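**Student:** Following is a predicted model, sequence given first.
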Amino acid sequence: MSLEDERAEGVRGFAPEQLVACESCSRTNAPTRMNCLYCGSPLPRNEERAALLRPTLRKLEEWEQGFNVVLLPVASQGAASDKLGDAASLLKLEVAQLEACLAAGRALPVARTASGEEAELILERLGALGLAAEVFGDEALGFEVPQRRVRALDFEADALVLWASREEAPDRVPWARVALLVKGRVTQRRLEVEERQGGFRRRGEIVDSRELSTDEAVLGLYAFEEGDGAGWRLWADRLDYSCLGARKGLTAGENFKTLDGLLRERAAVAVYDEEYARLRPLLAPVWPPAEQNESQGVRRESVGRYNRGAVTLISNEAQFTRYTRLLSRLVRAGRAFVKE
C-alpha cells in the first residue's frame, strides 16, 4: 500500500473537522493516529479524541528497539467472547490466534510497538476488555545483549561450571541458583539465487538456485542472579561432552539428551520448559523469524552476459532468545505459568 493509499484508507469515514493537523509538518491525519503518517511526530491530543486513538503496530526492523505487550498467564484471564473480536482487532490478530494465546497458559507477546506510549495505549485498552497484560521493553529484557555460548561444562558437587573456551575463566553457577532451563530447536535456512541480468526495466532470468538448512537442538540456561540475565546457550552440535564421562555416547543427539537429563536432575529447583516448539506459531506474528538479505554482487557468465547473486538468510534464533529472556524474567517473579 502506497503512502497515499494508506492516508486515504486512514481518513475515510471522518469529517474534515475531525482530522488532526501535525504541528511539525502541518499535514492532516486521521484522529485515530498517535503519530503523524508523514513525519512520525507525535500528534496533539485532547480528551475528545482519546477514545479514537488506535495503535499503528507497524513491523519493526531487527535493529529497532521496541516495546512488547505480553499477555500474562493468570487463572482469571479472559475477555467475554463478544469482546475477543475487539481485542483481536486492536492487536491486528485473528480471533483464533488470540484465543490460542489465552489457552496456552504461558506469557506470550501479542504486540510489539515502536514507542512506550503506543504500548501503554494497548495495555489500557486490553485492561478495559478484561485482559491482563504487561509491557516489557527490549532494553529491559536485554534483547540486544548476546547470549553466552557454552563450549564445555564441568559438574561439581555444588555447582555447574560453564566454559566459553578453555582459554577463558569459566562461569560457576551453584546448582541452587539455576533458575530456568529452556529446551528448543534453532533452524536456519539459506536461500541462494543467481539471476541473469535482463534488459532495461526487465526482470532477469533465474539461472540457478539452491537452499541449505540446518536444524539444531539448543538449551537456554538462566540463573537467579540479576547479573546473569543474559543467560547461557548450549548448542547440541557444538559442545564438548567430556563431562559425561562413561555416559558419553557416539552421537551429539544422544549426548545432548543425556546432558539434558543430568542438568534437570542436578538443578532440582529450576523451572524446565520445553514448550517452545509448540508455541512457535503463537510467537511468530509478533516475533517472526529474522530474515536477512545479502547481495553476492555481479559475476560475468560470458561475453555480454552477467549474473547477479543474492542470498536470503532466515533464522528463528532471535525469536528463541526473546522467548527465553521473557520467560526468565517472569520465572524470577513467579509469573511464568497459570496460577491455579
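**Tutor:** Thanks, I have it.

**Student:** Isn't Ala111 up against Leu60?
**Tutor:** No - using Cβ atoms under 8 Å, Ala111 makes no contact with Leu60, being 11.0 Å away. For the C-beta atoms, the positions are set from N, CA and C on the backbone; glycine is no exception.

**Student:** The two: which has the busier surroundings?
**Tutor:** A count of neighbours by other Cβ atoms under 10 Å puts Ala111 above the other of Ala111 and Leu60, at 25 against 14.

**Student:** That one falls within a helix, correct?
**Tutor:** No - counting by DSSP: H, G, I helix; E, B strand; the rest coil, Ala111 is not part of a helix but strand.

**Student:** got the contact list for it?
**Tutor:** Pro55, Leu57, Asn68, Val69, Leu91, Lys92, Ala119, Ile122, Val286 (Cβ atoms under 8 Å, 6 or more residues apart in numbering).

**Student:** wait, Arg185 sits on Asp215?
**Tutor:** Yes - taking Cβ under 8 Å as the definition, Arg185 is a contact partner of Asp215 at 6.0 Å.

**Student:** Look at these two and report which has more neighbours.
**Tutor:** Arg185 (14 against 9).

**Student:** Read off the pLDDT value for the more buried one.
**Tutor:** At Arg185, the model reports a pLDDT of 97.

**Student:** Same question for Thr28.
**Tutor:** 86.

**Student:** Same check on Trp287?
**Tutor:** Trp287 is given a pLDDT of 95.

**Student:** circling back: how about the contacts of Ala111 in JSON lines, adding secondary structure and distance to Glu134?
**Tutor:** What follows is these, written out as JSON lines (DSSP: H, G, I helix; E, B strand; the rest coil; distance: Cβ to Cβ, whole Å):
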{"residue": "Pro55", "secondary structure": "coil", "distance to Glu134": "16"}
{"residue": "Leu57", "secondary structure": "coil", "distance to Glu134": "17"}
{"residue": "Asn68", "secondary structure": "strand", "distance to Glu134": "9"}
{"residue": "Val69", "secondary structure": "strand", "distance to Glu134": "8"}
{"residue": "Leu91", "secondary structure": "helix", "distance to Glu134": "15"}
{"residue": "Lys92", "secondary structure": "coil", "distance to Glu134": "19"}
{"residue": "Ala119", "secondary structure": "helix", "distance to Glu134": "10"}
{"residue": "Ile122", "secondary structure": "helix", "distance to Glu134": "11"}
{"residue": "Val286", "secondary structure": "coil", "distance to Glu134": "14"}
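
**Student:** What is the least confident helix or strand in this structure?
**Tutor:** helix 3-11 (a mean of 48; mean pLDDT, DSSP states H and E).

**Student:** List the strands paired with the next helix-or-strand element following that helix, with their directions.
**Tutor:** Remark: after helix 3-11, the chain's next helix or strand is strand 20-21, criterion DSSP states H and E. Note on strand 20-21: by DSSP bridges, its sheet partners are strand 28-29 (antiparallel).

**Student:** Give me the residues contacting the strand it pairs with.
**Tutor:** Residues from elsewhere that reach strand 28-29 (Cβ under 8 Å, 6+ apart): Gly10, Val11, Leu19, Val20, Ala21, Cys22, Cys36, Leu37, Tyr38, Leu43.

**Student:** chain center to that strand: distance?
**Tutor:** On the basis of Cα atoms, centre = their mean, to the nearest Å, strand 28-29 sits 32 Å off its chain's mean C-alpha point.

**Student:** Could you count how many residues lie near the spatially closest residue to Asp240 that is not a sequence neighbour?
**Tutor:** In this structure, Asp240 finds its nearest non-sequential neighbour in Ala152, 3.9 Å apart by Cβ to Cβ, 6 or more residues apart in numbering. The number of residues packed around Ala152, counting by other Cβ under 10 Å, is 17.

**Student:** Asp273 now?
**Tutor:** Neighbours around Asp273, by other Cβ under 10 Å: 21.

**Student:** What of Pro31?
**Tutor:** Using other Cβ under 10 Å, Pro31 has 22 other residues around it.

**Student:** same thing with Arg58?
**Tutor:** Arg58, neighbours per other Cβ under 10 Å, totals 12.

**Student:** again, but for the one 3 residues further on
**Tutor:** The tally of other residues near Glu61 (other Cβ under 10 Å) stands at 8.

**Student:** Let's verify it: helix, strand, or coil?
**Tutor:** coil.
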